[in-house]
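*Asks:* here is the input, now give the coordinates:
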Amino acid sequence: MSSRGKEEGTWNILVVDDTLIQRKQLQHMIRRLYPKTTCDSANSGEQAISLVKNLKEKGFEYDLVFMDQDMAGWKENQLQGNQTVEKLRAMGFAFPVVMRTSNCTAESLETYTRAGADAVMPKSTN
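*Replies:* Numbering: from 1, shown residues only. The predicted model follows:
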């Protein structure tokens, strides 16, 4: 699979977070640093999986995914970040995933790594 970007410094990034302000803030930072980057967003694990599948059908793949761990929808049986990453890895997707969370205990970090996350980015609890 190839990236949609044809120029050097152009990437396809997916930001997954159930909070609009978190998605917009991260997208804004990415676009300021890398103006040629395509930065899609999803508000749930299910929507993220759908976007990844749709992009693959077009012959492309994300270069990087930022995944929120604690999405509020889990109470409604929606996927949490680690569950979404597990599903994406089981489907054969190998792009880097950065788990975003305010829960950075050793046990939680192990859970994220086992799920297939490549790195963890702490989020503010405010």
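*Asks:* all helices for the chain, in order.
*Replies:* Taking DSSP state H, the helices of the chain run over residues 20-33, 45-57, 81-90, 106-115.
*Asks:* contacts for stretch 93-102 next, please.
*Replies:* Under the contact criterion Cβ atoms under 8 Å, 6 or more residues apart in numbering, stretch 93-102 has outside partners 17, 22, 26, 52, 56, 61-70, 81-82, 85, 88, 108, 112, 115-125. (Each C-beta comes from the backbone N, C-alpha and C, glycine too.)
*Asks:* now do the same end-to-end measure for that stretch.
*Replies:* End-to-end span of stretch 93-102 (Cα to Cα, to the nearest Å): 25 Å.
*Asks:* so which bits of that stretch are buried?
*Replies:* Under the neighbour-count criterion of 16 or more other Cβ atoms under 10 Å, stretch 93-102 has F93, F95, V97, V98, M99, R100, T101 buried.
*Asks:* what about it, average pLDDT?
*Replies:* Averaged over stretch 93-102, pLDDT sits at 94.
*Asks:* now stretch 31-48
*Replies:* In this model, stretch 31-48 has an average pLDDT of 94.
*Asks:* now do the contacts for L20.
*Replies:* Residues counted as contacts of L20 (Cβ under 8 Å, 6+ apart) are N43.
*Asks:* where does pLDDT dip in the protein?
*Replies:* Low-confidence segments of the chain, defined by pLDDT under 70: 1-9, 73-76, 125-126.
*Asks:* 90 instead?
*Replies:* For the chain, the stretches flagged by pLDDT under 90 are 1-10, 36, 70-78, 102-109, 122-126.
*Asks:* follow-up on the earlier one: of the buried residues of stretch 93-102, just say which sits nearest to I30.
*Replies:* Nearest to I30 out of the buried residues of stretch 93-102 is V98 (Cβ to Cβ; 11.5 Å).
*Asks:* any idea how far the closest one lies from K58?
*Replies:* Distance, V98 to K58, using Cβ to Cβ, to the nearest Å: 23 Å.
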